[in-house]
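Trainee: Build me a model from this:
(4 chains)
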There are 2 protein chains.
Amino acid sequence: MILIVIIFVTIKNITTFVINMNNTRFATIIHILTLLAKNPGEWMNSDWIAGSINTNPVIVRKELGVLQEQGWVTSRKGKDGGFILNISSDEITLAELYKVVKNSDVLGKKNLNPNPQCPIGKDINKNLETLFTETDDLVFASLQRKTLKSFMEQF
Amino acid sequence: MILIVIIFVTIKNITTFVINMNNTRFATIIHILTLLAKNPGEWMNSDWIAGSINTNPVIVRKELGVLQEQGWVTSRKGKDGGFILNISSDEITLAELYKVVKNSDVLGKKNLNPNPQCPIGKDINKNLETLFTETDDLVFASLQRKTLKSFMEQF
DNA sequence: CTTAATGTAACAAAGTTTGTTACAAATATC
DNA sequence: GATATTTGTAACAAACTTTGTTACATTAAG
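Mentor: Next up is the predicted model:
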């Protein structure tokens, strides 16, 4: 008995139906900080870090620039240069990390100009704002209870 | 017995994960459903709905297609056609709405191929998965306590 | 038959994120 | 001082997402 099953599936324009927000920045900076926290006092360079994450050293340096602005990291140029953690890992909460890379609300964005002459359109964004803020606050509160140290100690 | 299965799948532009929802789909579908809930028994057409949201009717019909798949909405073609709510608004939680539109974690996507020879890289995605899931569950639990009805009654 | 509406494919435009190249500036070591 | 190495950053390119648009087949009412 020969059963030949040919399943031919063509999926077109899949992005129309799939919500995708692509952003690895949280994953990237927590990876960087975990590496630095695990290697205190060592000047780790962007090439090495990029090799661990499997990304580009320039991306790593850009993110490290952000982390320096927060005062969490110090850099040293030149030979044997690199980056070290500038603060104890239990002084950084994941909420602070999230804040650094967050660029929209958890539930997304509001539509820009709902119709002010429609009873729903008139108030939708005010009511969404309440809902979106409440949801974000919940995430923040949870992340505030977690530190880089506790994350790092899992490794 | 010989079983030959040929699965030929052409998938264009499928992507994987996301950080913050950087889009308006949640706002759009909750707007649509609020309109329908506020006008029970009325066949509202996509043009009218689009006018309230201030977007394109085709976008609205696409989203309404998704809502129909959930069984929440019924459509009628032709003259005097349109859409009505097919279920009581207190039977739809915002968690269900979110699920329809969400395809990524709140904290974003993971880096794809962290270095398995690095102690951090080796385990980072496993540990991020735990954190990401916990955060998502929190959001989901909160939204599960809210219904379309309670949202709609604010207007 | 005409008019009006959904359903959906295909494409276009706009926007965002990630990766790359290039090079100046800084620093350690010889 | 010369050399090698590393950060800092701008400018650009590539890849990917999201939203909007056009077009038209299908359905239904009158």
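
Trainee: now check stretch A:115-135, is it near DNA strand D?
Mentor: No - Stretch A:115-135 lies apart from DNA strand D when judged by Cβ under 7 Å from any atom of the strand; the minimum separation is 13.3 Å. Heads up, the C-betas are built off the backbone N, CA and C, glycines and all.

Trainee: For chain A, just list every one of the helices.
Mentor: Counting by DSSP state H, chain A has helices at residues A:25-38, A:46-53, A:57-69, A:94-101, A:119-144, A:148-152.

Trainee: and the longest one, what other elements does it pack with?
Mentor: Same thing as helix A:119-144. helix A:94-101, helix B:25-38, helix B:46-53, helix B:119-144 (3 or more Cβ pairs under 8 Å, 6 or more residues apart in numbering or on different chains; DSSP states H and E).

Trainee: sorry, back to before: nearest to DNA strand C, out of the helices of chain A?
Mentor: Proximity to DNA strand C, assessed across those by Cβ to the nearest atom of the strand, is greatest for helix A:57-69 (3.5 Å).

Trainee: Residue of chain A closest to DNA strand C, please.
Mentor: For chain A, Cβ to the nearest atom of the strand, closest residue to DNA strand C: A:G78, 2.5 Å.

Trainee: coming back round to it: determine which stretch of the helices and strands packed on helix A:119-144 is the most buried.
Mentor: helix B:25-38 (a mean of 24; mean count of other Cβ atoms under 10 Å in any protein chain shown).

Trainee: Output the contacting helices and strands for it.
Mentor: Counting by 3+ Cβ pairs under 8 Å, 6+ apart, helix B:25-38 packs on helix A:119-144, helix B:46-53, helix B:57-69, strand B:82-85, helix B:94-101, helix B:148-152.

Trainee: closest one to B:L33 among the helices of chain A?
Mentor: helix A:119-144 (10.2 Å; Cβ to Cβ).

Trainee: and that closest one, what's its mean pLDDT?
Mentor: Averaged across helix A:119-144, the pLDDT comes to 97.

Trainee: now it: how far from the chain's centre is it?
Mentor: 20 Å (Cα atoms, centre = their mean, to the nearest Å).

Trainee: gap between A:S104 and chain B?
Mentor: Using Cβ to the nearest Cβ, to the nearest Å, A:S104 is found at 4 Å from chain B.

Trainee: go on, A:T93?
Mentor: 13 Å.

Trainee: sorry, back to before: dump the helices of chain A to JSON lines, plus distance to B:N113.
Mentor: Output for these, formatted as JSON lines (distance: least, Cβ to Cβ, whole Å):
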{"stretch": "helix A:25-38", "distance to B:N113": "12"}
{"stretch": "helix A:46-53", "distance to B:N113": "9"}
{"stretch": "helix A:57-69", "distance to B:N113": "14"}
{"stretch": "helix A:94-101", "distance to B:N113": "21"}
{"stretch": "helix A:119-144", "distance to B:N113": "26"}
{"stretch": "helix A:148-152", "distance to B:N113": "21"}
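
Trainee: and the ones you listed as a markdown table, adding distance to DNA strand C?
Mentor: Shown next, in a markdown table, are the helices of chain A (distance: least, Cβ to the nearest atom of the strand, whole Å):
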| stretch | distance to DNA strand C |
| --- | --- |
| helix A:25-38 | 5 |
| helix A:46-53 | 8 |
| helix A:57-69 | 4 |
| helix A:94-101 | 8 |
| helix A:119-144 | 16 |
| helix A:148-152 | 20 |
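
Trainee: Which of the ones you listed sits closest to B:Y98?
Mentor: Per Cβ to Cβ, nearest to B:Y98 of the helices of chain A: helix A:119-144, 9.1 Å.

Trainee: for stretch A:32-39, what is the average pLDDT?
Mentor: Across stretch A:32-39, the average pLDDT comes to 98.

Trainee: Just confirm yes or no for it near DNA strand D.
Mentor: No - legend: contact between stretch A:32-39 and DNA strand D by Cβ under 7 Å from any atom of the strand is lacking; minimum distance shown is 11.2 Å.

Trainee: Report the contact partners of the residue nearest to the spatial centre of chain A.
Mentor: Centroid-nearest residue in chain A, with Cα atoms, centre = their mean: A:F26, separated by 2.1 Å. The contact partners of A:F26, taken as Cβ atoms under 8 Å, 6 or more residues apart in numbering or on different chains, are A:97-98, A:101, B:19, B:107-108.
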